[in-house]
Every structure is written in C-alpha cells, then in structure tokens.
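> Compute the structure for the input listed below.
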Amino acid sequence: MARAGGPLLLLLHMLVPMMAKVELILSHKGIGETCDENTECQSGCCVINSLNPQKFCTSQTVFLQCVSWQKPNGYQCQLSSECRSNCCVTNSYSRHRFCTPKTIFLQCVQWRKPNHDHCWHHRECRSQCCLPLSEEARPRCVARTGILAQCLPT
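The predicted model follows:
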C-alpha cells in the first residue's frame, strides 16, 4: 500500500501547480483595474486612459480594438499620434508643440510667422512669401502682392 500512495502523491504534487495556473488564468482583472499587459484583463485591453502613465483594463471598441487615451487640443505633445486630432504642431515662436484641431479640410497646419518677421524660407511665413526688402537686408515675411497675389519684392 505504501507503494500505491507514492505515485498518487507524485501525481497530486504535479497536478497542484497545473490547477493553480488554471485558477490564475480564470482570475482576469476587471475594467478599471491596474494592469501591465493585455492578457491580465478580461477584456484583453490594458491601455493608458489619462495623462497618468499607469495602464488600466478598459473595454474594447465596437471593432474589437484596444484604444489608448489621446490628449485633447491644447496639451503639449511630441508626436501627432498622441493627440485626438492627430495634429501636433508649434503654435507660436516657442519650440514646444501642442495638440491642435485640424482645419475644415482635415489638414494639420503648422504655425507660421506673421509679416515683417525675419525668415529664411517661404514656408516659414503665413503669407508663404520670404523676401529681402533691400539687397543688404535679411529676408522678412512680406504680404503677397499684385492681382495674382504673387510673392514679389515691393
């Protein structure tokens, strides 16, 4: 009898860790609980849902996707993908970039210098016109002129 108990104990000893794994798999975290990976959540979604870098279990979209929170307009950003508008641009002389709305034509337009500011290239200016006002002068942003609104020296 002692021999029959040995293999049974050995079998039980092997099954206990396997049963613990099954319990671990069945005990997924619910919506709103902190997580590190998608596999921890019942929904299969572990994402950032605010400015806080901590991840939380969230529900999937109608298309069964896990979508991270994105910054609204006005928040500082580095990449367009960080913004709800998918538009991260400078909005002043500062080097900082901010989430900004797209135009009615769904374009993401960079901030440009106003007329009379110094410039090096046409694309820096709101008028898209960067010209030296004299031969010795450094170029400045100037208004377009003429019937066809061309970039012409005045």
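
> Name all residues that make contact with the residue most central in space within the chain.
A centroid search over the chain (C-alpha atoms, centre = their mean) returns Glu82, at 1.7 Å, as the residue closest to the centre. By C-beta atoms under 8 Å, 6 or more residues apart in numbering, Glu82 lies in contact with Gln70, Lys71, Cys88, Cys99. Yep, even glycine has a C-beta here, placed from its N, CA and C like the rest.

> isn't the third one right up against Tyr75?
No. With contacts defined as C-beta atoms under 8 Å, Cys88 does not count as touching Tyr75, sitting 9.3 Å away.

> okay, the two: which has more neighbours?
Cys88 (20 against 15; other C-beta atoms under 10 Å).

> Pull the contacting residues for Gln110.
So Gln110 contacts Val89, Thr90 (C-beta under 8 Å, 6+ apart).

> so what sits against both of Cys88 and Tyr75?
Phe98, Cys99.

> so which of the contacts of Glu82 is the most crowded?
Cys99 (22 neighbours).

> That one against Leu79, yeah?
No. Contact criterion C-beta under 8 Å: Cys99 and Leu79 do not qualify, at 10.3 Å.

> quick one: common contacting residues for those two?
Cys88.

> still on that earlier bit, looking at the contacts of Glu82, which one is closest to Leu131?
Cys88 (30.1 Å; C-beta to C-beta).

> Backbone dihedrals for the residue nearest to that closest one when sequence neighbours are not counted, please?
Using C-beta to C-beta, 6 or more residues apart in numbering and skipping the chain neighbours, the partner closest in space to Cys88 is Cys77 (4.0 Å). Backbone geometry at Cys77, expressed as degrees, to the nearest 10, gives phi -150, psi 170.

> how close does Cys77 sit to Leu51?
11 Å (C-beta to C-beta, to the nearest Å).

> Look at those two and report which has more neighbours.
Cys77 (19 against 8).

> Show me what the more buried one is bridged to.
Beta-bridge pairing of Cys77 under DSSP bridges involves Arg97.

> got the contact list for it?
Cys77 touches Lys71, Cys83, Cys88, Arg97, Phe98, Cys99, counting by C-beta under 8 Å, 6+ apart.
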